[in-house]
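Asks: Predicted model and sequence below, questions to follow.
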Amino acid sequence: MKRILTLIVVVLCSTLAFSQSKTPKGKLFIIGGGSRPDGMVDRIIKEAGLLQGGYGVILPMSSEDPDSSVWYANQQFIKKGIKTVYGVNFRKGQSYSAAKLDSVRNAKLIYITGGDQVRFMGVVQGTDIGKAIHDAYNKGALVGGTSAGAAVMSKIMITGNELKHPEYSSTFRNIEAENIETKEGLGFIDNAIIDQHFVKRSRYNRLISAIIEYPNVKGIGIDEATAILVSGNTAEVVGDSQVIVFENPKRSKTVKDGKLSAKGIVMNVYLAGETFSLK
């Protein structure tokens, strides 16, 4: 009997230790695009702990011009006296040294630039690069991104394309079934879809379509010059504008003549300093 009790205790302790080891120690800083106010940059530096040492990396793979993207992203850090943020670029299909991957894995800040989220995921998905980003987050790094770099944070990633209307538009003109295109993102958030430039570009139709088509997740629309700081299951709004959060708690969805209908959709508008739950 004593041996059985000892075995149970060992199993429980091992399970608890395994569970704790799998809990990420990092945070997310998800910016809706546009400018980065000085206070936002200060918050990034603080949350990453860069004033206490260490370094950050800028990943520019979303951009058509990675060098320029790194330069612009780094200017505000340099003006704040942080000279330990470096660009690290990867190209699709190439192999990389362990040292280059470790430069991502051991960073205190990982910052993903704007551009095209599909381009970014085409480089990192299913590779050691993506694993290194997750390893850094699990160890305590701040993983941030703006615009396309915001969209990649969720598991279900909006590409920006309309399946029924492929000609580009900054927002959806209709709320239609089977129109929104999604792909797999980095998956730091698995219970929400992130949209960006939200209020400025009036992307309500797009995100409403998303939460009807994917009713089990929240839709989080982040405006320009605004971000959410995600720690565990709590998101804090940082910046100049608003964050709009849609939910479809009744899992409502009806399709008629190709148009979507839903009842009981909830919308909340949050300002800087306010928080909401990701649960």
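Replies: That came through, no problem.

Asks: tally of neighbours for the closest residue to residue 265 other than its chain neighbours?
Replies: Nearest residue to residue 265, sequence neighbours excluded (CB to CB, 6 or more residues apart in numbering): residue 248, at 5.6 Å. Using the backbone N, CA and C atoms, a C-beta is placed for each residue, glycine as well. The burial metric for residue 248, expressed as a neighbour count using other CB atoms under 10 Å, is 23.

Asks: For residue 248, give me phi and psi.
Replies: The phi and psi values for residue 248, taken as degrees, to the nearest 10, are phi -120, psi 70.

Asks: how far away is the residue nearest to the spatial centre of the chain from residue 175?
Replies: By CA atoms, centre = their mean, the chain has its centre lying nearest to residue 153, at 2.3 Å. For residue 153, the distance to residue 175 under the criterion CB to CB, to the nearest Å works out to 24 Å.

Asks: With residue 184 instead?
Replies: 24 Å.

Asks: neighbour count winner among those two?
Replies: Set side by side, residue 184 and residue 175 give different neighbour counts by other CB under 10 Å, the larger being at residue 175 (17 against 13).

Asks: Double-check the more buried one against residue 205; I have them as touching.
Replies: Yes - counting by CB atoms under 8 Å, residue 205 is a contact partner of residue 175 at 5.3 Å.

Asks: Tell me where the model's unsure across the chain.
Replies: Low-confidence regions of the chain, defined by pLDDT under 70, span residues 1-21.

Asks: Surely residue 236 is in a helix?
Replies: No - counting by DSSP: H, G, I helix; E, B strand; the rest coil, residue 236 is located in no helix; its state is strand.

Asks: show me the contacts for it.
Replies: Taking CB atoms under 8 Å, 6 or more residues apart in numbering as the contact definition, residue 236 lies against 228-229, 273-275.

Asks: ok, those residues vs residue 26, which is closest?
Replies: Residue 26 lies nearest to residue 229 out of these, by CB to CB, at 11.5 Å.

Asks: Please name the spatially closest residue to the closest one (chain neighbours excluded).
Replies: Once flanking residues are discounted, residue 229 sits nearest to residue 236: 4.6 Å by CB to CB, 6+ apart.
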